[in-house]
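In: The amino acid sequence is not available; the structure is as follows:
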C-alpha cells in the first residue's frame, strides 16, 4: 500500500496494491450501472402502482387498500435492515441488488403519484371522460396517468442518489457486491485494514458526497 503520488499512483494504492484512482473510476461505473436501472424500474413500478391505486380508490376492487397496505408494511421496517436481511439469504451480485432495490424503493414514487392521482381523478376532464362512457382503464391510461407521473420524475435524481448511497453502505458492510467488483463501499472498507491510510477514506467519501450533492441539485 502506497500513499498518493508514489510510483505514478496519483491517489495511492489500496492494501492489495491496486490503484485508487482506477478503483474510483470503476466504482463509478458500478454505481451507475446499478443505480440507474434500479431507479428507472422503481420509478416505473411505483408510478403504475400509485396511479392505479389512486384512480381506483373507493371502487369495488380493493386495489387501493392492497397497495397502501403493502406500502405500510414495507415502510414499517427500516429500509437498511430489510435490505440487509434479504441480502443475507441471497448470493451477492448486481442482479440480486437490483431485485432488492426494486422490492423496497418503489414506495416513494408510488406515494407521490397516488396523491397526485387522487387530485387528478376529480378534475373536470376526467369527469367528462366518465360521462362520455369511456372505460375506466382507458381513462386511466390515456387521460389520468399522463397528468400524474411528473412527481415521480421530479424525485428520480434523489432515487439515484439514495440507491448509490445504499449500494455503498451494503458493499462497505460486506453484503453488497462480490469482492471482485470495484465499489466505493469496498474501498471505504479497506480503510479499516490500515486506519493510517487516510486516502482510502478521503477520496471515496469525497466523490460519494459530490455525486450525491450533484444529483440532489438536479431535483430542484
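Out: Sure, I can see it. Nothing here was measured: the structure is a model prediction, and the numbers come from that model.

In: okay, now the residue nearest to residue 57 when sequence neighbours are not counted: neighbour count?
Out: Among residues not flanking residue 57 along the chain, residue 64 sits closest, at 4.3 Å (CB to CB, 6 or more residues apart in numbering). Heads up, the C-betas are built off the backbone N, CA and C, glycines and all. Neighbour count of residue 64, defined by other CB atoms under 10 Å: 20.

In: can you give me the strands in the chain?
Out: In the chain, no segments count as strands under DSSP state E.

In: Output the below-cut-off pLDDT ranges for it.
Out: 60, 220 (pLDDT under 70).

In: what ranges do the helices span in it?
Out: 20-55, 63-75, 79-88, 94-104, 107-120, 124-131, 136-138, 150-154, 156-173, 184-190, 199-218 (DSSP state H).

In: what about the first one, distance to the chain center?
Out: What it means is helix 20-55. Mean-position distance between helix 20-55 and its chain equals 5 Å (CA atoms, centre = their mean, to the nearest Å).

In: Check the third one too.
Out: Remark: helix 79-88 is offset 14 Å from the chain centroid, using CA atoms, centre = their mean.

In: Return the residues in contact with residue 191.
Out: 197, 200-201 (CB atoms under 8 Å, 6 or more residues apart in numbering).

In: try 10 Å
Out: Residues in contact with residue 191 (CB atoms under 10 Å, 6 or more residues apart in numbering) are 14-15, 172, 197-202, 204-205.

In: and those residues, which are buried?
Out: 14, 172, 197, 199-200, 204 (16 or more other CB atoms under 10 Å).

In: among those, which two are most distant?
Out: For those, the maximum inter-member distance is 16.5 Å, found between 172 and 199 (CB to CB).

In: That'll do, ta.
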